[in-house]
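[1] could you work out the structure for the sequence below:
(one chain, ligands or ions: 1)
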Amino acid sequence: MGYLQECVGIESRYRRNREPWASHLEQSRALMLEAAAKCEARDSVLIFGAGLLHDIPLIELVGMFRRVVLADILFMAPARRAAQKEERVELVTLDVTASLTSLAEGRTELTQPTAYLDDPSISLVISASILSQLFVVPNAYLEKRFGQSDAESEALGQALVRAHLGYLGSFECPVALIADETHVIRDRSGEETATASALHDVPLPPGGRSWDWDICPLGEIDRDHAVMHRVRGYCDFPKALAT
Ligand SMILES: C[S@@+](CC[C@H](N)C(=O)[O-])C[C@H]1O[C@@H](n2cnc3c(N)ncnc32)[C@H](O)[C@@H]1O
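    Residues are numbered from 1 along each chain as shown. Predicted coordinates:
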């Protein structure tokens, strides 16, 4: 459907922008470690969207939990090497939407994910900058392959975001969430010229903390505009408020 191309694209953008991305990645790692430190049980930590490993404090988590489960639709070489080296790291190829098989055939009714909900060894779940990505590849694919309209893409985007929040809300253990919330466009002077929801206007619950990710500094897209993502992170996602 285009996942490999998307991942290669993210990896190349990361390599071009290591410095501007550093503070976002550091904030993400700090939040994950804060969530881990607060955890009473330290059996398994399950991380959704860990395929690239940029924002995962893997060494520290390996020191804190018996098992670190990295779940993603695909894994790049660093994650594969880490799993080979460290037997406590487990890679799980998983579609967290549980719906890609039908989406690939053009059927857009979603299946509610249930993976790991019945696994009592999971002590902490981390959703690592995956929420705003869940609809990107499916919508691009459905628009191209099945002529999906903008309105249908909007509806599917909202449904996928709500389904993931609902899935996180179904875990009994603590959940940490890091998610892009808003896209911000800036001009050369640094002034914000436009903002748009990164989640098809699905609101995140109140709380957590927010920071800016300088994802596309000037020159990455063009010479006159920079794109920033406003990110929200929750150490302890308020599950009761998840839609
Ligand atoms: C922006 S990256 C997340 C950043 C990542 N935590 C890192 O290491 O920098 C989004 C990740 O979500 C994964 N992803 C997107 N859709 C997915 C799905 N349906 N199931 C599992 N993983 C998915 C991608 O493969 C990618 O690794």
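
[2] what's the first helix or strand after whatever helix or strand S28 lives in?
    Assessed by DSSP states H and E, S28 sits inside helix 18-38. Once helix 18-38 ends, the next helix or strand along the chain (criterion: DSSP H and E) is strand 44-48.

[3] follow-up on the earlier one: the helix holding S28 close to the ligand?
    No - interface with the ligand: helix 18-38 contributes nothing (Cβ under 6 Å from any ligand atom), its closest point being 7.1 Å away. C-beta here means a position set from N, CA and C on the backbone, and glycine is covered the same way.

[4] and that helix, what does it pack against?
    Counting by 3 or more Cβ pairs under 8 Å, 6 or more residues apart in numbering; DSSP states H and E, the packing neighbours recorded for helix 18-38 are helix 58-64, strand 122-128, strand 175-186, strand 209-216, strand 226-234.

[5] now the fourth one against helix 18-38, angle please.
    When you say that, I think you mean strand 209-216. 150 degrees (axes from the mean of the first three to the mean of the last three Cα atoms, to 10 degrees).

[6] strand 209-216 near the ligand at all?
    No - using Cβ under 6 Å from any ligand atom, strand 209-216 never reaches the ligand; the gap is at least 9.5 Å.

[7] what's the average pLDDT for that strand?
    The average pLDDT within strand 209-216 is 93.

[8] buried residues in it?
    In terms of neighbour count (16 or more other Cβ atoms under 10 Å), strand 209-216 has its buried residues at W211, W213, D214, I215, C216.

[9] save these as TSV, and put in distance to P205 too.
    Shown next, in TSV, are the buried residues of strand 209-216 (distance: Cβ to Cβ, whole Å):
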residue	distance to P205
W211	17
W213	20
D214	25
I215	23
C216	27
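
[10] right, and G49 touches L70 too?
    No - applying Cβ atoms under 8 Å as the test, G49 and L70 come out as separate, 9.1 Å apart.

[11] which of these two has more neighbours?
    L70 (26 against 22; other Cβ atoms under 10 Å).

[12] how about that one, secondary structure?
    Following DSSP: H, G, I helix; E, B strand; the rest coil, the label given to L70 is strand.

[13] wait, it sits on L61?
    No - shown here, L70 and L61 do not form a contact pair, counting by Cβ under 8 Å, at 9.7 Å.

[14] where's the residue of the chain positioned farthest from its centre relative to L103, distance?
    Distance from the C-alpha centroid of the chain, by Cα atoms, centre = their mean, peaks at S189 (30.1 Å). Using Cβ to Cβ, to the nearest Å, S189 is found at 41 Å from L103.

[15] same check, this time on M64
    For M64, the distance to L103 equals 36 Å [Cβ to Cβ].

[16] try E172
    Distance, E172 to L103, by Cβ to Cβ: 28 Å.

[17] just R88 next, same as before
    Taking Cβ to Cβ, one finds R88 at 33 Å from L103.
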